[in-house]
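Participant: A structural model of the following input is requested.
(one chain, ligands or ions: 1)
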Amino acid sequence: GTALGATAAETGRYFGAAVAVNKLSDSVYVGILNREFTMVTAENEMKWDATEPNPNQFTYTGGDRLVSHAQANGMRVRGHALAWHQQQPRWTSVLSGSALRSAMINHVTQVATHYRGKIYAWDVVNEAFADGGSGGRRDSNLQRTGDDWIEAAFRAARAADPGAKLCYNDYYTDGQNAKSNGVYAMVQDFKARGVPIDCVGFQSHFTGQSPVPSDHQANLQRFVDLGVEVQITELDIEGSGSSQTDSYSRVVRACLAISRCTGITVSGIRDTDSWRASATPLLFDGNGNKKAAYTSTLNAL
Ligand code: XIL
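Facilitator: As a prediction, this is how the structure comes out:
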């Protein structure tokens, strides 16, 4: 193939990018986006602080611009993220208990209803499990409303947009470890009890300290075996040279080896667009030129 999205489509998959809506006026950025990618994720514009800055007052300007751009260019949209402990509006920090629970459910309902029919998959809940060896939930204001907050969010999202795939999304879950075991047990429990969940997103932020694990493919497969799809949702790989190119091709090959690994999204376009730009973790350099990591990714698709 000659472009990431078109080549991924040959096996029925998508290749996406996280997009910052304010960069849609940058012609180099948009040129690469429209040429290479078939799925977009809003980098920040659909988060709670952006969409509901004041209680029950919703602003969809940025997210709507992204949806329009996607629709005009034949791309699908991943919604990100309905319920998360980060990037919450200021007003939720003074809420707790049933007031916070109601605010969260209302948020999920309103946002998923606004975008109903326009979203391929929602990250309904993002990063709810703790790092380290506990395998348990991360402490957060949402978690303190009760352990069932995650299933409540998924049920509200399903009711609001029955056509969207509903995903749980997290990082450091790429190999089998305490954290991914915790997520696995939750998905298994949701499937057993009929709580709506369709997919698990693996953010896939790889670093020198946290490289692509040797059991990456096996770990994705065990989730698929529970009856969900998996997606690589925020891929970026720190470094340069052969360690970076090898890691990109390994991640792509792992996904392609699993029929229900349905797509790969990178966490930005150029290294200079990255949320961790000093790590040069993406597929295009600051001038928009294809890096060696691009070529190895394309060749692996
Ligand atoms: C990041 C954005 O890329 C930044 O622009 C913002 O300042 C912070 O959030 N995991 C996620 C993403 O799920 O939403 C985060 O995005 C990166 C980590």
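Participant: burial count for the residue of the stretch 201-301 of the chain found nearest the ligand?
Facilitator: The minimum distance from the stretch 201-301 of the chain to the ligand, using Cβ to the nearest ligand atom, falls at residue 275 (3.3 Å). All C-beta atoms are positioned from the backbone trio N, CA, C, and that covers glycine. Residue 275: 15 surrounding residues under other Cβ atoms under 10 Å.
Participant: quick one: it and residue 267 touch, right?
Facilitator: Yes - checked against Cβ atoms under 8 Å, the pair residue 275 and residue 267 is within contact range at 6.6 Å.
Participant: Quick one: name the residues of the stretch 1-150 of the chain near the ligand.
Facilitator: With the criterion set to Cβ under 6 Å from any ligand atom, the stretch 1-150 of the chain comes near the ligand through 43, 44, 126.
Participant: if we can go back for a sec, tell me the secondary structure for the residue of the stretch 201-301 of the chain closest to the ligand?
Facilitator: Three-state assignment for residue 275 (DSSP: H, G, I helix; E, B strand; the rest coil): coil.
Participant: Would you enumerate the residues in contact with it?
Facilitator: Residues in contact with residue 275 (Cβ atoms under 8 Å, 6 or more residues apart in numbering) are 43, 267, 268.
Participant: swap in residue 265?
Facilitator: Counting by Cβ under 8 Å, 6+ apart, residue 265 makes contact with 14-18, 39, 41, 78, 231-235.
Participant: Now the two most distant members of these.
Facilitator: Spatial extent of those (Cβ to Cβ) is set by the pair 14 and 234 at 14.3 Å.
Participant: More neighbours: the two, which one.
Facilitator: Between residue 14 and residue 234, residue 234 has the larger neighbour count (other Cβ under 10 Å), namely 26 against 21.
Participant: Look at that one and report its pLDDT.
Facilitator: With respect to pLDDT, residue 234 scores 98.
Participant: Would you confirm that it contacts residue 267?
Facilitator: Yes - counting by Cβ under 8 Å, residue 234 touches residue 267, with 4.2 Å between them.
Participant: Mind listing the shared neighbours of the two?
Facilitator: Counting by Cβ under 8 Å, 6+ apart, the common neighbours of residue 234 and residue 267 are 18, 203, 205.
Participant: where in the stretch 151-300 of the chain is pLDDT low?
Facilitator: Applying pLDDT under 70 to the stretch 151-300 of the chain picks out no residues at all.
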